[in-house]
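Novice: below is the sequence, then the predicted model.
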Number of protein chains: 2
Amino acid sequence: MEVTAQNFKAVLPMVEKAIDEAQFVAIDGEFTGLNLVKPVSALDLPLERYDALRESSRQFLLVQFGLCTFHYDSKKDLYTNRAFNFYVWPRPYTRNAPDLRFMCQTSSIDFLVKQDFDFNKLFKHGISYLKPEAEEKMKKAIEDRQITRKSNDTPNAQHIPIPEAMETYINEIKTKIQTFIQGNSNTLFLEKSNAFQRRLIYQVAREEFTGIFLESVAVGRDRVIKITKMDANEHAQKDLDRNQSEFDVLDEAVGFAKVIQKLSQSRKPVVGHNMFLDLCYTLNQFVCTLPESYSEFKHLANKTFPILVDTKTMATQYPFRDEIFNSSLEELKNTLMTAPFHMPDVKAVSVDSGYELESEKYHEAGYDAFITGLCFIAMSNHLGTLSKELGPKPRLMPDSPLLKPFFNKIHLMRIADIPYMNLAGEDISPNRDHVFHVTFPSEWKTSDLVNLFSAFGNVQVSWLNESSAYVSLYDPTSAKEVLSALNCSSVYNIMTYGQFKSFEASASLTGITPTLAQSKLSFSDSVSELKELTKKRSISPDPEPYKRSKSVTDDDTPVQTSKNFAESSDW
Amino acid sequence: MEVTAQNFKAVLPMVEKAIDEAQFVAIDGEFTGLNLVKPVSALDLPLERYDALRESSRQFLLVQFGLCTFHYDSKKDLYTNRAFNFYVWPRPYTRNAPDLRFMCQTSSIDFLVKQDFDFNKLFKHGISYLKPEAEEKMKKAIEDRQITRKSNDTPNAQHIPIPEAMETYINEIKTKIQTFIQGNSNTLFLEKSNAFQRRLIYQVAREEFTGIFLESVAVGRDRVIKITKMDANEHAQKDLDRNQSEFDVLDEAVGFAKVIQKLSQSRKPVVGHNMFLDLCYTLNQFVCTLPESYSEFKHLANKTFPILVDTKTMATQYPFRDEIFNSSLEELKNTLMTAPFHMPDVKAVSVDSGYELESEKYHEAGYDAFITGLCFIAMSNHLGTLSKELGPKPRLMPDSPLLKPFFNKIHLMRIADIPYMNLAGEDISPNRDHVFHVTFPSEWKTSDLVNLFSAFGNVQVSWLNESSAYVSLYDPTSAKEVLSALNCSSVYNIMTYGQFKSFEASASLTGITPTLAQSKLSFSDSVSELKELTKKRSISPDPEPYKRSKSVTDDDTPVQTSKNFAESSDW
C-alpha cells in the first residue's frame, strides 16, 4: 500500500495494528544518495565505515521507507504479509520551520528514476517527519508562545512605550477600530503591517478596547491583522481552538516518525538486507541525530531495535555461505527457491496491502522488504532442518535460539576480513600483520605497487587516495621482512598497518597529516617501464564501471585476496 | 517550447537561428536551491554577496533554463518572440563520468512543485551539459584512449608477462578462441572477467591470433569480451566507427552548454530580472567554475556576456524608481501596463514557440524570461518618450546610448546603500561612518540594541548572527560620539564599521576570530526589563515569515532606514 501525506492519518492505525500482530517486520529504504566522495577501502574498520556513513546520513535523505509485516498462523502453518510504502519528505511544517538543505547523488536519482520512482509525488505528497528531539523543542516553543499570548492578553501585561515616529500610525489604527466597533460589519482587516506594528496594535486593542478578537492572518504574501467582534466566551473558546490547532500542526509534523516509534516500542525483530544504510538513515532521520561516538551508536541502535537481523549477514556466514554464492537480494531469493532450500508461500493479507512473490517490483522499498522477509523465513526454516530436534516440518520462529548467532550483526560491504558489524558486542579484530600502508607519488598505478612488492609474491592493493594505498601480502609468512627490504627510499614510504593506525591516531590528536616528498620517480627501471606501458587509471582502455547505484552496491563482489589485482585496480 | 534530451538535437538549430535573429535575449533560471545557511545582511558588500553566491552555485543546480528571443520587425514596428524551456540535468554521460553530488533546499523544491515543475521529467529526460574545461578534458581522454588502443593493437606493443597464477586461465581462453576460429559460429562471448584478465586476453589475441575483433561489452551488470570473426578491412572500419562513436557521446554530453556558447558568441544583449543568481549559476554550470577572485568574476561575466541588463536594476533606478513602487516581476509587469507606461504587444512567432501576455505561466522559466523581455521593451520605450529627440513614436533598440547607463548593473537584493553590482567597473562605495558593529551576549534582542543606542535616536539593526549585528544611526550627525559614549562595557563591544572591516581583513589573514567574554547581562536595568518583556526571536507570538522561495525573494522589501525596527527584528 502506498502511503503519502494524503492518506497517512487514515492508514496509521492499520500500520500500528500490523506491527502489533507481526512475528517480525522487514524494512528497506530508498535514498537520495549513498556516499560522499570518500571511497571505501577493503581494509576499513567498522568504526571507519560508521564515520563515513554518519556523514552521508547527515547530508542525504531517506525518501521512501518500505515496511512489510509478517504474520504466522500456526494452525495453517502459513505466513501472510502486509506491506506499506511510505513516501517521506521534510516538508516545512510551519512558516517558521527550518528550511532544510540536503544532498542528492546523481547516480542515486538516476537509479530511482529508472525504477519509476515518482519524485513529483514525493515532493508534493511526501509525509512529514520530526525526530523526538525536534518535536520536544517545537512543543516547548508552542507552550511558551501560548503562555506569552495569554500574558499579553491580560490587562496588566507589560506595556511597550509607543515610539514617537509610530504615534500617528497608531492613532489612525485606533480610529479605525473605534469606527469598526460602532459600525455594522463583523470583521475588519487592517492594512499590511510589520511585526513590530502588529505588536503595538495588539497592545492598543488589549488596553483600550473590549469585545474584539485580533488574529494575524496571511493575505497573499502579506501578514495582516483580522479583527472580529466577539464576546468574552467566544473569545475564550477561540483561544482554546487556536491553542489546540497549534498542537494539531505539531502532531501532523511528527508524521512518519510515529511509525518508527511504534516499531521501536514493539520490540519486534526487524529484518533488513544489507541494512547498514537503512539502519543509519532511519535512526538519523526519525530517531536521533547519529552520535559521533561509535559505541554510542551501537547503544542507540540496540536501544531502538533490540533485535536486528541482516539477511546478507546470514547468507554470507556459516552454514549458508557454502550454498549461497551471490548474496544480492534478487539472487539470494532465486537461490532460496531451489533445493536444498524451500521458499515459503506468503500471501498478501489483502489485495491493497501486501505483496506476493509474483509482484516483481524490485527497488520499490516495500517489495524489497517483502523479499527480504521471505529470504529470512526460508533461511530460518533451513536452519531448522539442520537441527535434528525439530521434527519433519521445522518452523523456526524469529525468537528461536538457533537464530541468535545472527542477531545484531550488520553486514559490512567489501571488507576482506570483517564481514559484519556487531551491534551487541565487540567487533571482530582480525590480524593485519601482512598489511602495509604505502605513500607514493600520485602518478603511481597498481602495477607500480605490485612490482615494488614482487619479491614477496602476490599482493592485493587497496587504494586509499591518489598517493596512498594498503598493500596486503597474499602469503603472510614473509611479512616481517618487508620493512627491512623495501623501506629505504625517498620516493615512497612504507609502514606496517599497526604503525599507520597509531600514526593516524596521534595525527588526529595533533592535527598533523602525513606528507610525502614529491621527488621524481627514479628508483627502479622496471617500474619506469611499467609506467610507460600503463596509463592513468581513468583512461585505461576498459576501466571497470564505477559502482554507483544501490542495486550494484548490493552486488557485493567479494574482495579477491587470491589474485594479483583487485577489481578496484588500475586495469 | 519545452526542450528535453528527447528533442534537443532537433531543436538546437532552431534555437541558434532564434538567437542569431534576435535584437536581444531574455533569460531566467530555476534552481534546486538559492542560498546556504549564511544569512545576507543589509550592509553586505558586493564582494561578500559574490562569495556567498559562489558557494551556493557550487552546491545547488540550475535545473531549468528559460530563453526568450525578441525579434523586431521595423516595418510593422512590432516585436515577436520565440521561447524555449530547457530541462537541464547532469546525467552521467558515460559509466566513468563523475557521479555528481548536489544540494537541494527544501523550500525551493516545494516552490517548484507548487508551480507544477515536473521533476520526473527533469530526472528522466533532462539535457546533459559539460563545461568547456570538462569537455576539453574528456576529449583529451578519448584521444589518449584511442592512441593507447591503437598501440596495443600493433604487433610490437608492450608485452605484459602473464603471472603464474593466471597461466591455466589464459591457456583455457586460448583453446576457446582456437576452437571458435575453426568453428562455424561468427561471434563468441567469453565468460565474465576482471579488468586485468581482459587486458591479458587482448594481449593474447593480438599476439597469437588474426582475423578476429575483440570488444568489451556489458552483459547485465558484467563486462565480458565479445569476439567477432573479421578481416583486416572490416577491423579497420570497426575501429573508425568505435572512435567516432566515442566523440559522438562527448558531443551529446556537451549538450545544453552549446546553447550558452551560442548565446555568448552572439554578443547579443542578455536581459534578466534580478539576475544575479541566474548569471552566477549559468556561468558556473555551463561556462567555467566561478573564480575565487571577485574581479576575475567580473571579467568572466563581461567576457561571456558583454551586455547584461537587469530589469530590476532599471526599475529601481532613476527615472523609473519614482513611478515603480514594487519591482517584483509580476508587479513590475502590472505597473508597466498602466500609464505613463505602455506595454508592447509581442506575439509568439508560432504556437509552439513563444508566449503571449495572456499565457500567465509565472515561474516557468521561459515565461518569466518572456515577461522580463516585455518589461525591458516597455521601460526602454518609456526612456525614449523622455528623450525629446525621438519623435512621437519612440522605439529604443537595445543598443541605444540612452540604455547604456543600465548595462552590466546587476541588482543586489536588500542592500540599503548599494543597489547594484557594476560588472563593468568599480562598485559604489557608500559612506558608512554612521554604522557600528556590535557584539553582545546571544540572549540579546533588537530591543536591547535599540535601547543601548537610544541616546542617538532611531537606529536600524542588521543582524549578522546570534551575537553580533550592525547598528546604523538614522541621524548620522552624532556618529562621532558613539564610541566615547558607549564603549565602556565588558558585556558588549562596539567598533566603527571601518574598524570592523580592517579587523576582519587582518583576522582572515591570521586566523583569529572575534570572541566575546560571555559575562552575565547586568549593565542596564532598562535593558533587563526589556529582556523580561520580550521573548526569543523564534518564538515571538507573531514572527515574520522566513523569506524562502524565489517569488518571495524577488519581493525585495526595501530596507527601512527610517524606522526603529527592521523587519528582521524581534517582533
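Specialist: That came in fine, so what should we check first? Numbers count the residues shown, from 1 in each chain, chains lettered A, B, ... in the order given.
Novice: how about residue A:70, phi and psi?
Specialist: phi -120, psi 130 (degrees, to the nearest 10).
Novice: next up, the contacts around it.
Specialist: Contacts for residue A:70 (Cβ atoms under 8 Å, 6 or more residues apart in numbering or on different chains) come out as A:22, A:23, A:24, A:25, A:26, A:79, A:80, A:81, A:346, A:373, A:377. The C-beta positions use only the backbone N, C-alpha and C, and glycine is treated the same way.
Novice: how near is it to residue A:78?
Specialist: 11 Å (Cβ to Cβ, to the nearest Å).
Novice: joint contacts of these two?
Specialist: residue A:346.
Novice: that older thread, just the contacts of residue A:70: which are in helices?
Specialist: A:373, A:377 (DSSP state H).
Novice: quick one: which of the contacts of residue A:70 is nearest residue B:133?
Specialist: Each of the contacts of residue A:70 was scored against residue B:133 by Cβ to Cβ, and residue A:26 proved nearest at 47.0 Å.
Novice: correct me if wrong: the closest one contacts residue A:366.
Specialist: No - Residue A:26 is beyond contact range of residue A:366, at 9.4 Å (criterion: Cβ atoms under 8 Å).
Novice: what residues go with each domain of chain A?
Specialist: Structurally, chain A divides into domains by automatic domain parsing as follows: A:2-129+A:256-422, A:135-238, A:435-554.
Novice: and residue A:245, which of those is closest to it?
Specialist: domain A:135-238 (10.4 Å).
Novice: do that closest one and chain B come into contact?
Specialist: Yes - applying Cβ under 8 Å from any Cβ of the partner chain, one finds domain A:135-238 touching chain B at A:141, A:144-145, A:148-149, A:152, A:158, A:160, A:163, A:165-166, A:194-196, A:198-199, A:202, A:216, A:218, A:221, A:223.
Novice: only whichever of these are buried, select them in ChimeraX.
Specialist: A single ChimeraX command suffices to select whichever of these are buried according to 16 or more other Cβ atoms under 10 Å in any protein chain shown:
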select /A:141,144,145,148,152,160,163,166,194,195,196,198,199,202,216,223
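Novice: now intersect the residues of domain A:135-238 next to chain B with the strands, please.
Specialist: Using DSSP state E, the members of the residues of domain A:135-238 next to chain B that fall in strands are A:216, A:218, A:223.
Novice: and the domains of chain A, which is most packed in?
Specialist: domain A:2-129+A:256-422 (a mean of 19; mean count of other Cβ atoms under 10 Å in any protein chain shown).
Novice: now do the end-to-end distance for it.
Specialist: End-to-end distance for domain A:2-129+A:256-422, by Cα to Cα, to the nearest Å: 33 Å.
Novice: return the residues in contact with the residue in the stretch 201-350 of chain A that chain B sits nearest to.
Specialist: Nearest residue of the stretch 201-350 of chain A to chain B, counting by Cβ to the nearest Cβ: residue A:216, 4.7 Å away. Neighbouring residues of residue A:216 by Cβ under 8 Å, 6+ apart: A:198, A:223, A:224, A:225, A:226, B:542.
Novice: tabulate the residues you listed (TSV), appending distance to residue B:13.
Specialist: Listed next are those as TSV, based on distance: Cβ to Cβ, whole Å:
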residue	distance to residue B:13
A:198	57
A:223	50
A:224	52
A:225	57
A:226	56
B:542	56
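Novice: now the two most distant members of those residues.
Specialist: Farthest pair in these, by Cβ to Cβ: A:226 and B:542, 12.2 Å.
Novice: still on that earlier bit, could the contacts of residue A:70 be laid out in TSV, adding distance to chain B?
Specialist: Shown next, in TSV, are the contacts of residue A:70 (distance: Cβ to the nearest Cβ, whole Å):
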residue	distance to chain B
A:22	33
A:23	34
A:24	30
A:25	29
A:26	24
A:79	31
A:80	33
A:81	28
A:346	28
A:373	25
A:377	27
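Novice: for the stretch 201-350 of chain A, give me the ranges with low pLDDT.
Specialist: A:221 (pLDDT under 70).
Novice: the stretch 401-550 of chain A too?
Specialist: Residues of the stretch 401-550 of chain A that meet the criterion pLDDT under 70 lie in A:508-550.
Novice: where exactly do the helices run in it?
Specialist: In the stretch 401-550 of chain A, the segments counted as helices under DSSP state H, counting those that start in this stretch are A:446-452, A:482-486, A:497-510, A:525-533, A:550-554.
Novice: name the helices or strands packed onto the third one?
Specialist: Of the remaining helices and strands, those touching helix A:497-510 by 3 or more Cβ pairs under 8 Å, 6 or more residues apart in numbering or on different chains; DSSP states H and E are strand A:435-439.
Novice: and residue A:228, helix, strand or coil?
Specialist: strand (DSSP: H, G, I helix; E, B strand; the rest coil).
Novice: list the residues that contact it.
Specialist: Here residue A:228 is in contact with A:186, A:187, A:212, A:213, A:215 (criterion: Cβ under 8 Å, 6+ apart).
Novice: so who does the last one touch?
Specialist: Residue A:215 makes contact with A:225, A:226, A:228, A:242, according to Cβ under 8 Å, 6+ apart.
Novice: can you lay out those residues as a markdown table showing distance to residue A:478?
Specialist: Converted to a markdown table, the contacts of residue A:215 look like this (distance: Cβ to Cβ, whole Å):
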| residue | distance to residue A:478 |
| --- | --- |
| A:225 | 84 |
| A:226 | 85 |
| A:228 | 89 |
| A:242 | 78 |
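Novice: which outside residues touch stretch A:354-369?
Specialist: Under Cβ under 8 Å, 6+ apart, the answer for stretch A:354-369 is A:1, A:26-30, A:64-68, A:80-86, A:111-112, A:115, A:117, A:272-273, A:329-330, A:343, A:345-348, A:370-371, A:374, A:550-551.
Novice: measure it end to end?
Specialist: 11 Å.
Novice: related to what we said a few turns ago, mind checking how far the residue of the stretch 201-350 of chain A closest to chain B is from residue A:172?
Specialist: Remark: distance between residue A:216 and residue A:172 (Cβ to Cβ) = 19 Å.
Novice: likewise residue A:355?
Specialist: Taking Cβ to Cβ, one finds residue A:355 at 66 Å from residue A:172.
Novice: and the helices in the stretch 201-350 of chain A?
Specialist: Here the stretch 201-350 of chain A has its helices, by DSSP H, counting those that start in this stretch, at A:232-254, A:257-266, A:276-282, A:294-304, A:311-316, A:329-336.
Novice: what's in contact with the helix or strand harbouring residue A:170?
Specialist: In this structure, residue A:170 sits in helix A:167-182 according to DSSP states H and E. Residues outside helix A:167-182 that contact it (Cβ under 8 Å, 6+ apart) are A:162, A:188, A:190, A:197, A:200-201, A:204-205, A:208-209, A:211-212, A:227, A:229.
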